[in-house]
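>>> Sequence first, predicted coordinates after that:
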Amino acid sequence: MPQTFESKTDNVDGKYAIIVSRYNENITRRLHDGAIATLVDAGIREDAINVAWVPGAWELPIVAKQFLASRQYAGVICLGAVIKGETTHDLYINTQVSNSLGNLSLEYELPIGFGLLTCQSMEQAMNRAGGTVGNKGEEAAKAMLETLSVMRQVAEANNG
């Protein structure tokens with residue numbers, strides 16, 4: 001019979017960092033609130049959550065790296081909202097930030113909740129920040145917690 005590792009939101013004690021872009025704060029504040037609520041609902045104490053506000057999405061990876069490098073955090077959540085404008089600037093930001101966060105997660109072997117909205121319009125962003133499509137801040141926090149739970153189960157099985 002195969003051993004199965006289920007993604008859950010238990011077995012997730014520890015400290016957490018949330019990095020939030022101030023750019024498009026009317027959106028990112030909602031993502032932040034959703035992420036905090038999800039962590040608290042999972043039993044994480046508010047004093048075990050640190051929040052860093054950065055100027056924009058571009059700064060998310062460098063601050064995430066500082067939290068991860070400290071080895072004091074069980075996981076990190078990055079939240080931002082990049083909305084397409086008249087140029088292709090959004091493509092460069094989205095690609096680099098996504099690649100950097102993925103690489104950091106692998107480098108430090110810790111989960112990063114990816115809550116960077118990459119939308120075509122403000123309406124799309126609002127719909128993903130507590131509107132008709134849910135709250136991607138909540139989803140990023142839940143995905144990070146579930147990934148951490150699976151990682152801890154796998155580590156326990158490998159060491160047991």
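Sure, I can see it. Numbers count the residues shown, from 1 in each chain.
>>> What are the contacting residues of stretch 51-70?
Outside stretch 51-70, the residues that touch it by C-beta atoms under 8 Å, 6 or more residues apart in numbering are 17-23, 32, 36, 50, 73, 76, 78, 80-82, 93-94, 96-97, 100-101, 104, 107-108, 110, 112, 116. From N, CA and C alone the C-beta is placed, and that goes for glycine too.
>>> Quick one: end-to-end distance for stretch 67-74.
Stretch 67-74 stretches 10 Å from its first residue to its last (C-alpha to C-alpha, to the nearest Å).
>>> do stretch 63-80 as well
Distance across stretch 63-80, first residue to last, is 13 Å (C-alpha to C-alpha).
>>> Show me which parts of it are buried, residue by residue.
Neighbour-count burial for stretch 63-80, counted by 16 or more other C-beta atoms under 10 Å, picks out 63-65, 67-68, 73-80.
>>> just so I have it, where are all the helices in this structure?
With DSSP state H applied, the chain shows helices at 25-41, 60-69, 89-108, 122-127, 136-159, listed in chain order.
>>> Among these, which comes closest to residue 10?
Residue 10 sits nearest to helix 136-159 of all these, at 6.5 Å, using C-beta to C-beta.
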